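Peer 1: sharing a model that was predicted from the sequence below.
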Amino acid sequence: MSDILLIMPEGETQNAFAMNIKAYLNLETHCVNNVVEAIEELSKDVNSFNLVITYTEIGKEPSLKVLIEFFKDRKLKISILTLGEDKYVMMSNSAQEFSLYSVEEPDDLREVLKTTAEIFNITPRDMLKVPTSQFYPIPIEHFSTLISTPTDVFIKIGKGDTCQYIKRIHAGEGLDESTLERYISSGVMSLYVESSNRLNFVNALTSQLLRHLDEEISSDNDAINEDTITQTIQETVSKNIEVLGITPDIQKICNKSIHKMMKEGEKFPRINGLIERLLSNKATFGFKHTQITTYMAMAILKKIDWGKEEQEKTISFVSFFHDISLKNDAVTMIRNETELNNAILSKKDKELVMRHAQKSAEFIHQYPHLPMGADTIIRQHHGVLNGHGFSDTYSGNLSPLTLVFIVAEECAHLVLKSKFEELNRMKILYDMEQKFKTSRFKKMLDALDKVIE
């Protein structure tokens with residue numbers, strides 16, 4: 001009996017994975033070249049393996065999708081470790097009996113070994129030193145505002161044995177717009193820097209973003225895409241906050257972005273105007289969610305007796321940072337435990353969603369001059385006092401400002417759920433009234449009534 005079934009084309013990469021799994025984890029690996037061979041092996045004896053490792057795709061074959069359907073049909077409970085992200089996996093509406101884990105970069109041997117160790121409960125003390133990946137991925141959208149890079153930048157060509165990292169940008173140079181668009185249209189998701197230069201690159205990116213934002217704020221040029229810069233800032237902070245923390249440059253960038261979002265909402269007396277603007281700029285779900293939540297919260301605060309400028313600043317800060325520990329739109333869309341249970345995510349990702357409110361609050365605790373109570377609102381923004389999980393009822397221990405944010409975010413969710421088609425004003429208000437039935441929400445709902453058209 002082998003511990004692991006590895007689905008990977010025959011070659012040096014397959015050999016390297018199997019060899020390192022044995023050397024570092026002392027686990028036996030049986031290798032097959034494709035998902036058809038894997039299903040044949042599993043059909044012989046479903047108890048032969050404790051883990052299956054596979055690419056999301058091998059050639060044009062949707063290996064992971066085929067494997068998952070086979071597991072569902074046979075009701076298998078073996079764990080799967082997928083190499084690379086896959087939309088089918090992230091947001092499937094079918095519950096699964098097996099456990100699914102994922103490694104974002106398909107050839108990241110270090111992460112594969114670490115995740116496999118977690119699955120088999122192998123502690124760091126049991127392992128030797130894990131090899132470090134040579135290259136670090138940078139999401140390609142970050143290059144849209146990067147004037148020059150402090151390090152060489154590489155593009156990844158091929159997978160497995162054919163994978164090569166080819167230098168595309170020399171240190172001190174940038175990426176022209178036409179080349180960037182060509183990469184994106186051809187499906188390039190990331191460019192790469194050498195791992196040892198990761199922090200230099202990210203620091204340079206944040207510094208240049210700050211300069212962009214300064215220019216944007218002082219410019220009268222209508223051609224400048226305001227959302228793109230603010231959105232990129234939010235994504236950059238989210239992806240790098242665990243490594244960099246809150247540096248002075250990041251603090252300046254975030255403060256300016258939060259101020260811009262507050263001012264942006266003032267331009268539109270009704271939500272439909274803001275929606276049209278977000279549509280025209282093709283903003284991501286995460287950014288639309290943040291901007292619309294800010295807008296709704298500002299509308300509420302302007303209509304209640306105690307809503308002052310200080311509260312507006314606090315709630316805008318919370319809007320910007322409340323989901324900062326979530327890394328992509330698929331998990332940001334999850335609003336309750338039912339949706340979480342129905343999403344096919346790894347155990348690690350599900351646990352992150354369950355405790356993201358607490359984790360986001362921990363991240364921003366280091367923020368200099370943190371608005372009073374902001375960390376508490378972030379921790380409790382799904383109605384749970386300790387920030388772990390979701391709640392459909394709202395304790396009397398939640399602060400009034402926390403309730404304002406919860407109501408604003410729910411309204412933003414309903415607007416986004418409409419997919420920006422013609423808003424059904426009465427349905428949104430009815431759904432809000434059904435969710436927030438007690439008298440303490442009445443003034444908040446009345447305020448939203450004035451801006452939803």
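Peer 2: On my side now, so go ahead.
Peer 1: show me where the stretch 151-300 of the chain has its helices.
Peer 2: 177-185, 198-218, 226-244, 248-265, 271-280, 285-301 (DSSP state H, counting those that start in this stretch).
Peer 1: what mean pLDDT does the longest one get?
Peer 2: Taken as a whole, helix 198-218 carries a mean pLDDT of 69.
Peer 1: do the fourth one as well
Peer 2: Over the span of helix 248-265, the pLDDT mean works out to 76.
Peer 1: following the least confident helix or strand in the chain by mean pLDDT, which helix or strand shows up next?
Peer 2: Here the helix or strand of the chain ranked lowest by mean pLDDT, DSSP states H and E is helix 87-90, holding a mean of 50. Following helix 87-90 in sequence order, the next helix or strand is strand 100-103 (DSSP states H and E).
Peer 1: now do the helix or strand that that next one is followed by: distance to the chain's middle.
Peer 2: The helix or strand immediately downstream of strand 100-103 is helix 109-119, counting by DSSP H and E. Put simply, helix 109-119 sits 21 Å off its chain's centre (Cα atoms, centre = their mean, to the nearest Å).
Peer 1: strands paired with the next helix or strand after helix 109-119, and their directions?
Peer 2: With elements assigned by DSSP H and E, the helix or strand that comes after helix 109-119 is strand 135-139. Sheet pairing of strand 135-139 (DSSP bridges) gives strand 190-194 (antiparallel).
Peer 1: pull the residues that contact the strand it pairs with.
Peer 2: Strand 190-194 has contacts (Cβ atoms under 8 Å, 6 or more residues apart in numbering) with 134-140, 143, 149, 151-156, 165, 168-169, 183, 201. From N, CA and C alone the C-beta is placed, and that goes for glycine too.
Peer 1: okay, the angle between that strand and helix 177-185?
Peer 2: Relative orientation of strand 190-194 and helix 177-185, computed by axes from the mean of the first three to the mean of the last three Cα atoms, to 10 degrees: 110 degrees.
Peer 1: now do strand 190-194, average pLDDT.
Peer 2: The model assigns strand 190-194 a mean pLDDT of 88.
Peer 1: if we can go back for a sec, buried among the contacts of strand 190-194? Make that a ChimeraX selection.
Peer 2: Of the contacts of strand 190-194, the buried ones go into a single ChimeraX selection, burial set by 16 or more other Cβ atoms under 10 Å:
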select :135,136,137,138,140,143,149,151,152,153,154,155,156,165,169,183,201
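Peer 1: which residues touch residue 106?
Peer 2: 55-56, 83-84, 159.
Peer 1: now, the most widely separated pair of these?
Peer 2: Within the contacts of residue 106, two members stand farthest from each other by Cβ to Cβ: 56 and 159, at 10.5 Å.
Peer 1: re earlier: in helices, which of the contacts of residue 106 fall?
Peer 2: In this view, the contacts of residue 106 have no member that belongs to helices under DSSP state H.
Peer 1: out of those, which end up buried?
Peer 2: So, by 16+ other Cβ under 10 Å, the buried ones in the contacts of residue 106 are 55-56, 83-84, 159.
Peer 1: pull stretch 156-168 out as CSV, backbone CA atoms only.
Peer 2: Extracted in CSV, the C-alpha atoms of stretch 156-168 (Å, rounded to 0.1, in the frame of the first residue of the first chain):
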residue,chain,number,x,y,z
LYS,A,156,6.8,31.2,-16.5
ILE,A,157,6.7,29.1,-19.7
GLY,A,158,5.2,25.6,-19.6
LYS,A,159,4.5,23.2,-16.7
GLY,A,160,6.4,20.4,-15.1
ASP,A,161,9.5,19.3,-17.1
THR,A,162,8.9,22.0,-19.7
CYS,A,163,8.6,24.8,-17.1
GLN,A,164,11.1,27.6,-17.6
TYR,A,165,11.4,31.1,-16.2
ILE,A,166,12.3,33.6,-18.9
LYS,A,167,13.4,37.1,-18.0
ARG,A,168,11.0,39.7,-19.5
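Peer 1: quick check: residue 62 vs residue 182, distance?
Peer 2: Distance from residue 62 to residue 182, counting by Cβ to Cβ, to the nearest Å: 26 Å.
Peer 1: the more surrounded of these two?
Peer 2: Ranked by neighbour count (other Cβ atoms under 10 Å), residue 62 and residue 182 place residue 62 first, with 16 against 11.
Peer 1: got the confidence number for that one?
Peer 2: For residue 62, pLDDT reads 87.
Peer 1: same thing with the one 3 residues further on?
Peer 2: At residue 65 the predicted local distance difference test score is 88.
Peer 1: assign it to helix, strand or coil.
Peer 2: Using DSSP: H, G, I helix; E, B strand; the rest coil, the structure places residue 65 in helix.
Peer 1: share the number of residues neighbouring it, please.
Peer 2: By other Cβ under 10 Å, 16 other residues sit near residue 65.
Peer 1: ok, now how distant is it from residue 357?
Peer 2: Distance from residue 65 to residue 357, by Cβ to Cβ: 32 Å.
Peer 1: equivalent analysis for residue 411, please.
Peer 2: From residue 411 to residue 357 the distance is 19 Å (Cβ to Cβ).
Peer 1: more neighbours, these two?
Peer 2: Taking neighbours as other Cβ under 10 Å, residue 411 and residue 357 compare with residue 411 leading, 29 against 25.
Peer 1: nearest residue to the more buried one other than its sequence neighbours?
Peer 2: residue 296 (4.8 Å; Cβ to Cβ, 6 or more residues apart in numbering).
Peer 1: what do you get for residue 204?
Peer 2: residue 150 (4.4 Å).
Peer 1: do I have it right that residue 231 meets residue 287?
Peer 2: Yes. Taking contacts as Cβ atoms under 8 Å, residue 231 lies within contact range of residue 287: 4.0 Å.
Peer 1: before we move on, back to that, kindly reformat the buried ones among the contacts of residue 106 as JSON lines containing distance to residue 322.
Peer 2: Listed next are these as JSON lines, based on distance: Cβ to Cβ, whole Å:
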{"residue": "55", "distance to residue 322": "34"}
{"residue": "56", "distance to residue 322": "30"}
{"residue": "83", "distance to residue 322": "31"}
{"residue": "84", "distance to residue 322": "28"}
{"residue": "159", "distance to residue 322": "36"}
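Peer 1: can you tell me which of the residues you listed are in strands?
Peer 2: Residues of the buried ones among the contacts of residue 106 located in strands (DSSP state E): 55, 83.
Peer 1: ok, the buried ones among the contacts of residue 106 vs residue 317, which is closest?
Peer 2: residue 84 (34.8 Å).
Peer 1: so for that closest one, what's the pLDDT?
Peer 2: pLDDT, residue 84: 78.
Peer 1: wait, what's in contact with it?
Peer 2: Per Cβ under 8 Å, 6+ apart, neighbours of residue 84: 55-57, 102-106.
Peer 1: and if we set it to 6 Å?
Peer 2: 56, 106 (Cβ atoms under 6 Å, 6 or more residues apart in numbering).
Peer 1: neighbours of residue 328, how many?
Peer 2: For residue 328, using other Cβ under 10 Å, the count is 17.
Peer 1: and it, how close does it get to residue 285?
Peer 2: 9 Å.
Peer 1: perfect, that will be all.
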